[in-house]
Structures are given as structure tokens and as C-alpha cells.
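Q: output the structure for:
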Amino acid sequence: MTRRTGYVYEELYMWHDPGSISFGRWVQPGEHWENRETKQRIHSLLCTSQIEPLLHRVRARAADREDLLRFHTVAYVDKIKSMSDNGGGDGGELARFGPGGYEIATLSAGGVLAAVDAVSEGTVDNAYCLVRPPGHHAEPDRGMGFCIFNNVAIATRYAQAVRGLKRIAVIDYDVHHGNGSETAFKNDPDVLFISLHQDNNYPVGRGEILDGNETCINVPLHAGSGDGAYRAAFKHVVVPAIDRFKPELILVSSGFDASFVDPLGQMMLSSDTFRHMAHELREAAERHCQGKIIFCHEGGYSKEYVPFCGLAVVEELLGRRADEAFDDELDEAHSRGYQALQPHQLMLIRQVAKAARLDLRSADAEVLGEAEASAAEQIQAILANLPEAARSKVLSALTFPHSSA
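A: Numbering: from 1, shown residues only. Predicted coordinates for the structure are as follows:
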């Protein structure tokens with residue numbers, strides 16, 4: 001079934017200028033990872049694959065001061081505006097922008113607000129917001145990790161304050177932890193926040209498992225995690241948590257930097273995995289909120305591969321595949337070793353489910369391959385012969401927990 005999928009994209013997003021990257025005197029400056037190319041190429045592939053004409057264009061508006069202040073501090077908003085008017089600068093940590101950066105960043109945040117309006121009013125069923133700069137790292141009082149304003153946090157508070165929605169789920173599968181979004185929602189029982197990310201990549205020291213928090217759930221996956229780990233995390237954590245929470249709207253921080261060729265991550269996902277995650281999230285939205293789901297673009301830095309990930313997600317939202325455009329790298333991605341779920345990954349996912357007080361029966365019943373089952377039997381035999389204190393220490397070490405910040 002073809003659905004009415006909204007699409008937010010503005011040419012001005014491509015004018016955001018984060019400058020060049022330099023790490024010191026002996027490293028030649030180079031093109032910034034968060035350059036326009038990956039986003040431009042998603043748009044180009046949507047057009048050339050004949051998917052873009054099937055989308056419903058949603059025009060962005062600039063987020064106003066009241067919108068921004070639902071998450072950010074007055075001092076920070078004023079600082080970004082002043083810096084923008086005076087040639088640009090760095091909004092905090094790795095959050096650089098050029099002249100007019102304030103206006104572009106407010107248009108990025110406002111693009112997601114426009115999508116919230118369109119979905120709430122029934123103009124579209126769902127939406128993909130190809131916005132820039134990204135947002136999920138931005139804290140209330142400073143920018144971080146290429147992010148100026150936190151687009152998803154601002155949109156969530158707007159949906160609550162203006163659209164009257166109470167229970168909102170925010171799912172973040174960017175390879176880097178959504179620290180700014182966690183700050184926004186960690187203590188808010190009306191927002192379910194789940195971040196699936198590479199353990200201790202960026203920001204270092206954030207994204208640890210939160211014991212006993214049912215509405216703020218971190219899934220710090222090991223470096224090298226592939227399709228099997230992400231599918232298992234969705235099966236045992238993401239989908240059960242959404243079903244328990246029963247949201248009225250789902251927002252997704254959609255970063256494609258967990259792909260197998262991304263320069264800023266060490267994961268192994270293909271466009272098929274991103275398609276699967278979009279499918280599971282859309283199905284959850286159908287069950288709980290009449291299909292109301294909005295994807296907000298975040299990271300992803302492989303110019304060549306990000307477009308196929310974006311196309312896969314948009315196709316899933318639309319309910320229709322492009323006739324000819326095809327990801328030629330799928331075979332290579334699928335052939336990478338350890339794409340299947342590994343025992344230590346399942347152990348971590350089980351630990352997350354337990355910390356979030358989710359039903360562990362599905363994780364306990366996960367079928368292991370012959371080699372994994374044999375290893376598990378050997379480990380169990382060794383543990384049986386250890387004193388209780390030693391057994392507890394070994395079990396704790398085997399879960400590979402992320403240390404608290």
C-alpha cells in the first residue's frame with residue numbers, strides 16, 4: 001500500500017558551512033565530514049529513482065524563539081544568533097557554523113516542526129525530514145558533534161505544548177549516542193527515549209545502560225555489531241518498549257553512520273538493516289498512533305553509501321520501491337564476517353532488557369548457532385565448578401557492561 005509520505009528538504013540546508021577539519025599542525029586540513037554531499041546525494045537519488053515525485057513536499061518554516069526555548073537556554077540561543085551575525089563560530093564542541101548559521105539551524109529545526117504539523121493534521125501519514133545541520137548531540141546550553149539546535153527535542157516539546165500530544169517515543173539509531181536528547185528526556189516519563197549506538201564512540205562517557213529506567217533506554221552495542229545485533233536489539237528491546245509505552249507519535253533520529261563503510265563508526269550495517277528498522281518502527285506506529293511517525297535526519301558520512309540507506313528508509317515509509325535503483329553493495333555488506341548475532345551481543349541486549357524491566361523470555365529463547373551453543377555449554381561447565389563469589393565476578397565480566405560516566 002502506498003502511503004502519503006511527507007518530505008522536508010530545503011536548498012538552504014546545503015548552505016550550512018561547518019568549515020574544514022584539522023587536527024593540528026601536522027595533519028593537513030580536509031573536508032568536514034558533515035558536508036553537504038551526503039544529504040545532497042540522498043535528495044538526488046530520490047529524484048533520479050523517481051521516488052521524490054511520489055512524496056508530498058512539506059515546506060519548512062524557521063523555528064521561532066519560543067520553539068527553541070522549549071529546550072535551549074536563553075543565553076545559548078542569544079549566543080548562536082550573535083555569532084551568526086558576526087561571521088559564525090563554534091557553538092560549543094565541534095559545532096561550527098558560518099555566517100547566517102542561526103537562520104539555517106532554525107530552518108532545520110523548523111522543518112521537523114512543519115512535519116509534526118503535517119502529520120498531526122493528517123496532510124501526510126508519515127514524513128522524512130532531510131534537514132541540516134543535525135541536532136541530537138546539542139545540549140540545552142551548547143552545541144556538540146556538528147549539532148547546533150536539537151531538532152528532535154524541540155519537535156517533541158512542540159508536539160506536546162502546541163499539538164497536545166502527551167506520550168511521544170524518540171528512537172535514535174545514529175551510531176553516536178544521542179546525548180542531547182537523553183538530557184531532554186531522561187527524567188520525563190511521558191517520553192520514551194531509546195538510543196542504539198556504538199559503545200563509547202561519541203561522546204565518550206555517555207550512553208551507558210541505565211538500570212531501572214523504563215523510559216530512557218540506552219543500547220551501547222559493541223564495535224563491529226552487524227545486522228544480527230541490530231535486529232535482535234529491535235526484537236528484544238526497541239519494539240517491546242514501544243509496545244509497552246503506547247506512544248501517540250514516534251520521532252526517529254535517523255543517522256546512517258552505522259553503515260559498514262562509514263568513516264566515523266565501526267559498525268557493519270547495510271541499507272537492508274536500515275530498511276528493517278524503518279519497517280519495524282512504521283509497524284509500531286501503525287499499532288499505536290495511526291501510523292504517525294517522523295524521521296529526522298542526523299549523521300552518516302559515506303558519500304557513496306548514505307544515499308542508499310536514505311532511499312531504503314523512504315521507500316519503507318512510502319510503501320513502494322524504486323523500479324530500477326538498487327544498492328549494488330548489499331552482497332559485500334552481507335558477506336562481512338560476524339554479521340550474525342554473536343553471543344556477547346545477545347548478552348548485552350539481555351542486560352539492557354533486564355535494566356529496562358522488559359520481558360526477558362524472548363531474549364532467553366534466542367536460537368544460537370552450533371558453535372555458539374557449544375561455547376555456551378563449555379562456559380556453563382566452567383562456571384558450575386567455581387565458588388559463588390568467583391562465578392559472580394566472571395558473569396559480570398562476560399556481560400561487557402559500559403561503565404557509568
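Q: which is the next helix or strand following the host helix or strand of residue 184?
A: Using DSSP states H and E, residue 184 sits in helix 179-185. On the C-terminal side of helix 179-185, the closest following helix or strand by DSSP H and E is strand 191-198.
Q: what's the first helix or strand after that next one?
A: Using DSSP H and E, the first helix or strand after strand 191-198 is strand 216-221.
Q: quick one: mean pLDDT over stretch 244-254.
A: For stretch 244-254, the mean per-residue pLDDT is 99.
Q: can you list the buried residues in the helix holding residue 184?
A: For helix 179-185, a neighbour-count test (16 or more other C-beta atoms under 10 Å) marks 179, 180, 181, 182, 183, 184, 185 as buried. Every C-beta, even on glycine, is put in place using the N, C-alpha and C of the backbone.
Q: whichever helix in the chain runs longest: which residues count as buried?
A: Determined from DSSP state H, the single longest helix within the chain is helix 101-121. Across helix 101-121, burial judged by 16+ other C-beta under 10 Å covers 101-102, 104-120.
Q: give the pairing partners of the next helix or strand along the chain from it; include direction for each.
A: Following helix 101-121 in sequence order, the next helix or strand is strand 126-129 (DSSP H and E). Under the criterion DSSP bridges, strand 126-129 sits next to strand 5-8 (parallel), strand 293-297 (parallel) in its sheet.
Q: out of these, deepest packed?
A: Comparing the strands paired with strand 126-129 by mean neighbour count (mean count of other C-beta atoms under 10 Å), strand 293-297 ranks first with a mean of 28.
Q: got the angle for that one vs helix 101-121?
A: 160 degrees (axes from the mean of the first three to the mean of the last three C-alpha atoms, to 10 degrees).
Q: how about the CA coordinates for the following helix or strand past strand 293-297, as PDB?
A: Later in the chain than strand 293-297, the nearest helix or strand by DSSP H and E is helix 306-318. Only the C-alpha atoms of helix 306-318 are listed here, as PDB (Å, rounded to 0.1, in the frame of the first residue of the first chain):
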ATOM      1  CA  VAL A 306      24.400   7.000   2.700                       C
ATOM      2  CA  PRO A 307      22.000   7.700  -0.300                       C
ATOM      3  CA  PHE A 308      21.100   4.000  -0.500                       C
ATOM      4  CA  CYS A 309      20.300   3.900   3.200                       C
ATOM      5  CA  GLY A 310      18.200   7.000   2.900                       C
ATOM      6  CA  LEU A 311      16.300   5.600  -0.100                       C
ATOM      7  CA  ALA A 312      15.600   2.400   1.700                       C
ATOM      8  CA  VAL A 313      14.000   4.200   4.700                       C
ATOM      9  CA  VAL A 314      11.900   6.500   2.500                       C
ATOM     10  CA  GLU A 315      10.800   3.500   0.400                       C
ATOM     11  CA  GLU A 316       9.600   1.800   3.500                       C
ATOM     12  CA  LEU A 317       7.700   4.800   4.700                       C
ATOM     13  CA  LEU A 318       6.100   5.300   1.300                       C
END
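Q: thinking again about what came up before, adding distance to residue 239 and pLDDT, write the buried residues of helix 179-185 out as a markdown table.
A: Below are the buried residues of helix 179-185 laid out as a markdown table (distance: C-beta to C-beta, whole Å; pLDDT from 0 to 100):
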| residue | distance to residue 239 | pLDDT |
| --- | --- | --- |
| 179 | 24 | 98 |
| 180 | 24 | 98 |
| 181 | 19 | 98 |
| 182 | 20 | 98 |
| 183 | 25 | 98 |
| 184 | 23 | 98 |
| 185 | 19 | 98 |
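Q: my understanding was that residue 144 contacts residue 136; is that so?
A: No. Here residue 144 does not reach residue 136: they are 9.4 Å apart, not a contact under C-beta atoms under 8 Å.
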